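In: no sequence on this one, just coordinates:
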């Protein structure tokens, strides 16, 4: 008699605790609530379109265009945005990681650069965009520089903090075993600092994604998701604006969960430096 209620309620309890389907159900419920509020709440659909209309507009922009509308317009915008993001983020990741490691290993360099890093860390990236436009003009190159300035400082800060938090006994043990300075750097410091580096790059990628959208709003001239959202505002095309916002959210979440989830599984979790399991 006691087995039947547990069988009935276990799926509900699993859903309440959360499982792999919970995010999809949560988004679906939010979309249904949004639709109902628009349909029965007396909301002006010109200013706040229902999600069904937004999805229809999104699929239209993903497919062949009609008339003066280019084919696969949304894909063109996404490709332009991803190009600027990848180029800017990779440039920032390589240079900033090296600077952060040097700061962590050298107290003099850290003392000189840390005040500058601390100041730029708290400045909103969007505040720098007008200055960069004044210096560089409009175009893709300005958007890439916006991405670099928006993502480099978290990487520098976390890389330096990671090196400084490496236990000294690990370095002593490597020196006792006869390791050279280069071997200590590549095997001891980089391995122990990897969780900090990954955390810094995840934080930087989030800032880079926001920076590329902000940069496109102000500096892009033809393509880009941010440019598309701002351009749709001119024509009061709110369905296209919300479609762009959905694309921004989905790509941002996918970059963090899929890309860095794969990196963490292949590095720090595989090496046993950290774990994804609950204790």
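Out: Sure, I can see it. No experiment lies behind these values; they were computed from the predicted model shown.
In: Go ahead and confirm residue 149 touches residue 123.
Out: No - here residue 149 does not reach residue 123: they are 9.3 Å apart, not a contact under CB atoms under 8 Å. C-betas here are computed from N, CA, C, even on glycine.
In: Between those two, which is the more surrounded one?
Out: Shown here are residue 149 and residue 123; by other CB atoms under 10 Å, residue 149 has more neighbours (22 against 12).
In: And for the closest residue to the more buried one other than its chain neighbours, the neighbour number?
Out: Spatial nearest neighbour of residue 149, excluding adjacent residues (CB to CB, 6 or more residues apart in numbering): residue 128 at 5.7 Å. Neighbours of residue 128 under the rule other CB under 10 Å: 18.
In: just residue 122 next, same as before
Out: Residue 122 is flanked by 7 other residues according to other CB under 10 Å.
In: And it, what's its pLDDT?
Out: With respect to pLDDT, residue 122 scores 86.
In: measure it to residue 155 for me?
Out: 16 Å (CB to CB, to the nearest Å).
In: Residue 220 too?
Out: Shown here: residue 220 relative to residue 155, a distance of 25 Å by CB to CB.
In: which one of these two has more residues nearby?
Out: Using other CB under 10 Å as the criterion, residue 220 and residue 155 rank with residue 155 on top: 29 against 26.
In: Next, the more buried one: secondary structure please.
Out: helix (DSSP: H, G, I helix; E, B strand; the rest coil).
In: in which helix or strand would I find the closest residue to residue 223 other than its chain neighbours?
Out: Spatially, and ignoring its direct neighbours in sequence, residue 223 is nearest to residue 80 (3.8 Å; CB to CB, 6+ apart). If you go by DSSP states H and E, residue 80 is part of helix 73-105.
In: what's the helix or strand just after that helix packed up against?
Out: With elements assigned by DSSP H and E, the helix or strand that comes after helix 73-105 is helix 107-121. Contacts defined by 3 or more CB pairs under 8 Å, 6 or more residues apart in numbering; DSSP states H and E place helix 107-121 against helix 73-105, helix 140-164.
In: how about those in a markdown table, adding mean pLDDT?
Out: Formatted as a markdown table, those follow (pLDDT from 0 to 100):
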| stretch | mean pLDDT |
| --- | --- |
| helix 73-105 | 92 |
| helix 140-164 | 92 |
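In: most neighbours per residue, which of those?
Out: Ranked by mean neighbour count, the helices and strands packed on helix 107-121 are led by helix 140-164 with a mean of 24 (mean count of other CB atoms under 10 Å).
In: For that helix, name the packing helices and strands.
Out: Applying 3+ CB pairs under 8 Å, 6+ apart, one finds that helix 140-164 makes contact with helix 73-105, helix 107-121, helix 129-136, helix 190-219.
In: May I see the ones you listed organised as a markdown table, with distance to residue 184 added?
Out: What follows is those, written out as a markdown table (distance: least, CB to CB, whole Å):
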| stretch | distance to residue 184 |
| --- | --- |
| helix 73-105 | 10 |
| helix 107-121 | 17 |
| helix 129-136 | 39 |
| helix 190-219 | 10 |
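In: Name the helix or strand for the closest residue to residue 74 other than its chain neighbours, please.
Out: Leaving aside its chain neighbours, residue 74 sits nearest to residue 61 (3.8 Å; criterion: CB to CB, 6+ apart). Assigned by DSSP H and E, residue 61 falls within helix 51-62.
In: so how far is that helix off the chain centroid?
Out: 24 Å (CA atoms, centre = their mean, to the nearest Å).
In: again, but for stretch 210-223
Out: Between the centre of stretch 210-223 and the centre of its host chain there is 16 Å, according to CA atoms, centre = their mean.
In: swap in stretch 116-123?
Out: Put simply, stretch 116-123 sits 20 Å off its chain's centre (CA atoms, centre = their mean).
In: what does stretch 142-157 give?
Out: For stretch 142-157, the distance to the chain centre is 12 Å (CA atoms, centre = their mean).
In: Identify the residues contacting the nearest residue to residue 114 once chain neighbours are set aside.
Out: Distance criterion CB to CB, 6+ apart; nearest residue to residue 114, sequence neighbours excluded, is residue 103 at 7.1 Å. Residue 103 makes contact with 109, 110, 113, 114, 156, 159, 160, 163 under the criterion CB atoms under 8 Å, 6 or more residues apart in numbering.
In: follow-up on the earlier one: need the helices and strands packed on helix 107-121 in a markdown table with distance to residue 37, can you?
Out: Shown next, in a markdown table, are the helices and strands packed on helix 107-121 (distance: least, CB to CB, whole Å):
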| stretch | distance to residue 37 |
| --- | --- |
| helix 73-105 | 26 |
| helix 140-164 | 34 |
